[in-house]
Each structure stands twice: as C-alpha cells, then as structure tokens.
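Student: This is a predicted model, with the sequence first.
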Amino acid sequence: MSFEDPRGSLPPSAISIHPLTLQPSRRSFPSLPKPKAKQFRPRKPPCCDWIFSSASNIHVAVDKYWFKTFTPFDTYVLTVAGQKQISVRGIGSVDLKIRCKPNNHQSRVITLDNVLYVPGWVCNIFSDSYFIPDPEANEMFEHKWTHHGVCFTKRTNGKTKPWGYTEDFCGLDRLILSRKPHGRSLMLEDPDREEEFRAKELQRLAKEHEAEILSQQRVEEKQRYTVSTELLIPKNNSPGVLNPNLKSASPVSQSNISVRSKSENNLAKVMAQQVSAASLDLQQAGVRMSLNEISSNRAITMRNDDGARVSSLKASFTAKRGLLKDFLVAQPEKD
C-alpha cells in the first residue's frame with residue numbers, strides 16, 4: 001500500500017519554524033512575590049520587668065520579644081547564689097525606651113549590646129556594665145542610689161542630665177519604661193520567691209485600694225452635707241444668719257457671727273444642723289438652753305426631774321461647744 005501525502009500537491013511552506021519558538025516566553029508570566037520574613041510572635045505575653053543589678057556583669061532578657069538583633073547559640077551562665085547553671089539560647093541587642101525622670105513624659109532610647117537570651121530566668125536584667133566609661137566617647141553615664149531608687153545621669157561636656165530612674169519592686173530596683181507594656185511579672189508568679197516580697201507588694205496594693213475608698217468616702221460626705229437654707233442663709237457673701245424659727249436659741253446679732261471663708265461657712269452650716277437637732281431633743285426634755293449659755297459655759301436650767309436624759313444631752317452639747325466657739329459669738333441674754 002502506497003503512502004499518500006495528506007497535503008496533496010500543495011507547495012512547501014516558506015515559513016521555517018525554529019524549535020526554540022515553541023517554548024513559552026518568561027515575560028508572559030508575572031514574577032512571583034518573594035515570601036515575607038516570618039515575624040516572631042510570642043505565644044505568651046513577654047516579661048516586662050527590667051531589674052537593675054550591680055551584681056551582674058551582663059544583660060539578660062527572658063523573651064525574644066525584646067531583641068532587635070539576635071544570634072542563636074547554646075551556652076550557660078552561673079548564678080551568684082548556689083552557682084546554678086542556667087542555659088543560654090542566644091545573644092543580641094535590645095532597644096529600651098525609658099522615662100528620663102519622675103513626673104515627666106520625656107523619654108529616650110538606649111541600646112543594650114551583648115544581651116543574653118535566657119528563657120529560664122525570672123526577670124530581665126539591666127547590668128551596671130552599661131556605665132563602664134568609654135575613653136573615646138565624649139559622654140559618660142553615671143548612676144547614684146537615693147531613697148526613691150536609682151537615678152541615672154549622662155554627663156556631656158561637663159553638663160549633667162537625667163536619663164532614667166528606677167522604682168522599688170519586690171525589694172529590687174525596676175527600670176521605668178516610657179510606656180507600661182502589657183506583659184507578665186515572673187517574680188510575682190514564682191512560687192519559690194521569698195514570701196516577704198510578696199507581702200510587701202500585696203500591702204502596697206492594699207494601701208492604694210484603701211486610699212481610693214477613703215477618697216470616695218470624702219466625696220460622699222461632702223455631697224451628704226448640703227447647704228440648708230432653713231438653718232443658715234448666706235446673702236451676697238455676707239456673714240451667716242441663723243434661722244429665727246429655732247425656738248430653743250436666743251436671738252443672735254448678725255454682726256456677731258463671723259464666717260471668714262467659704263470652707264468655714266460650710267462647717268458652720270454643718271454644726272448649726274447638729275446644734276438644732278440637739279436643741280430640739282433638749283426642748284422635748286423640758287430644758288431651756290440658749291447659745292450664750294453654750295459659749296459662756298454657764299449652768300443649764302432644768303424644769304423637770306428627768307436627770308438621766310438631761311445629763312446625756314448636756315454632755316452632747318458640751319462636746320459641740322468647742323466647735324461652735326470659733327464661729328458663733330453670742331450676746332448676753334437680756335432680762
């Protein structure tokens with residue numbers, strides 16, 4: 001059987017196809033994006049306590065979160081107490097933004113070099129090796145101990161400026177950062193920590209809570225003792241006027257009442273309320289008492305034989321006499 005050409009008698013093609021043209025062009029496909037560097041995200045909040053230590057010759061960080069540069073390697077360090085070996089997982093540099101001085105929002109960034117990554121430690125350590133003087137540098141870092149903590153200063157061309165300070169934390173000196181980070185305090189979570197440090201921290205928190213309660217109680221007391229127009233009516237910042245409807249008290253001249261300030265005016269109102277309540281009790285017991293008798297400490301005239309009740313009311317009035325003496329000056333009773 002003879003083979004027949006399917007093209008028949010068509011002339012040969014004049015276009016030559018090169019084999020390389022059959023391959024897909026690289027320009028026809030867009031370039032794939034490079035994978036981004038994986039960012040380190042801690043599984044748990046980092047330790048936020050940086051403790052200043054004069055017994056350590058190197059800085060220590062508990063979490064990788066703090067490192068700006070990091071080089072992994074394995075070694076160990078020795079503790080001062082007990083010579084215990086603690087494993088080290090790497091080394092790097094750390095940038096810390098700290099507050100310069102108390103009651104001031106000014107801050108600065110310091111760089112700690114050769115910081116060891118020790119995940120098994122209980123806190124971050126800021127060593128005093130940072131203050132070793134550099135003969136080639138024009139600035140010198142110093143620190144001094146005070147009753148508030150440690151104050152860090154920088155001396156440049158004979159001028160000294162503060163650049164950081166610490167606070168007491170569990171009996172140690174904690175570096176004050178510019179912003180309080182959201183982290184954890186391993187020293188408070190450590191069950192082997194000395195019990196007195198835990199007691200001091202709890203005592204400090206209890207005092208703060210007690211101070212908040214006392215301040216709230218003072219505000220409530222000020223709101224409770226409002227101005228009573230029936231007992232004392234101030235007019236145009238003039239001396240106070242007692243209500244003439246009080247039957248138990250004799251008339252008192254307005255010029256003899258001296259209220260020297262707004263705070264004293266409010267105190268006089270409160271005492272007037274107390275005196276009016278006590279005078280009504282005396283009136284029910286059948287006893288007549290006037291304001292001049294309170295100020296001059298004269299005897300009380302009794303009209304009945306209810307001695308026990310009158311004596312207790314008299315003791316109450318005697319206690320209030322010392323408070324009223326500075327505000328109310330009574331005239332002698334007219335016959």
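Tutor: That came in fine, so what should we check first? Residues are numbered from 1 along each chain as shown.
Student: tell me the mean pLDDT for stretch 77-88?
Tutor: The average pLDDT for stretch 77-88 rounds to 78.
Student: Could you list the residues in contact with it?
Tutor: Ala55, Ile58, Val60, Phe73, Asp74, Thr75, Tyr76, Leu116, Tyr117, Val118, Gly120, Trp121 (Cβ atoms under 8 Å, 6 or more residues apart in numbering). Where C-beta positions appear, they are placed from N, C-alpha and C, glycine not excepted.
Student: could you dump the strand or helix carrying the fifth one to PDB, C-alpha only?
Tutor: When secondary structure is defined using DSSP states H and E, the element that contains Asp74 is strand 67-78. Taking only C-alpha atoms (Å, rounded to 0.1, in the frame of the first residue of the first chain), the coordinates of strand 67-78 have been written out as PDB:
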ATOM      1  CA  PHE A  67      15.700  41.600  70.700                       C
ATOM      2  CA  LYS A  68      16.400  43.900  67.800                       C
ATOM      3  CA  THR A  69      19.200  41.600  66.500                       C
ATOM      4  CA  PHE A  70      19.600  38.000  67.500                       C
ATOM      5  CA  THR A  71      22.200  35.300  67.000                       C
ATOM      6  CA  PRO A  72      21.300  31.800  68.300                       C
ATOM      7  CA  PHE A  73      23.900  29.700  70.200                       C
ATOM      8  CA  ASP A  74      23.900  27.400  73.200                       C
ATOM      9  CA  THR A  75      25.900  28.000  76.400                       C
ATOM     10  CA  TYR A  76      25.200  28.600  80.100                       C
ATOM     11  CA  VAL A  77      25.600  31.100  82.900                       C
ATOM     12  CA  LEU A  78      26.200  30.700  86.600                       C
END
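Student: Just want the angle from the helix or strand that comes right after that strand to strand 67-78.
Tutor: Using DSSP H and E, the helix or strand that follows strand 67-78 in sequence is strand 85-99. With axes from the mean of the first three to the mean of the last three Cα atoms, to 10 degrees as the basis, strand 85-99 and strand 67-78 are set at 140 degrees to each other.
Student: The next helix or strand after strand 85-99: which residues count as buried?
Tutor: Per DSSP H and E, strand 85-99 leads on to strand 107-117 as the next helix or strand towards the C-terminus. Buried residues in strand 107-117, defined by neighbour count with 16 or more other Cβ atoms under 10 Å: Ser107, Ile110, Leu112, Val115, Leu116, Tyr117.
Student: List only buried entries from the contacts of stretch 77-88.
Tutor: Ile58, Val60, Leu116, Tyr117, Val118, Trp121.
Student: export those to a markdown table and tack on pLDDT and distance to Cys170?
Tutor: Shown next, in a markdown table, are those (pLDDT from 0 to 100; distance: Cβ to Cβ, whole Å):
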| residue | pLDDT | distance to Cys170 |
| --- | --- | --- |
| Ile58 | 86 | 21 |
| Val60 | 91 | 17 |
| Leu116 | 91 | 22 |
| Tyr117 | 93 | 23 |
| Val118 | 90 | 19 |
| Trp121 | 85 | 15 |
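Student: What is the nearest of those residues to Arg179?
Tutor: Checking these against Arg179 by Cβ to Cβ gives Val60 as the nearest, at 21.7 Å.
Student: which strand residues sit across from the closest one in the sheet?
Tutor: Assessed by DSSP bridges, Val60 has beta-bridge partners Leu116, Ile125.
Student: Run through the residues that contact it.
Tutor: Contact partners of Val60, counting by Cβ under 8 Å, 6+ apart, are Val77, Val115, Leu116, Val118, Trp121, Asn124, Ile125, Ser127.
Student: and the gap between the third one and Ser185?
Tutor: Taking Cβ to Cβ, to the nearest Å as the measure, Leu116 and Ser185 are separated by 20 Å.
Student: wait, Phe126 sits on Ile51?
Tutor: Yes. If you go by Cβ atoms under 8 Å, Phe126 and Ile51 touch, sitting 6.7 Å apart.
Student: Ranking helices and strands of the chain by mean pLDDT, which lands last?
Tutor: None of the helices or strands of the chain scores lower by mean pLDDT, DSSP states H and E than strand 301-302, at a mean of 42.
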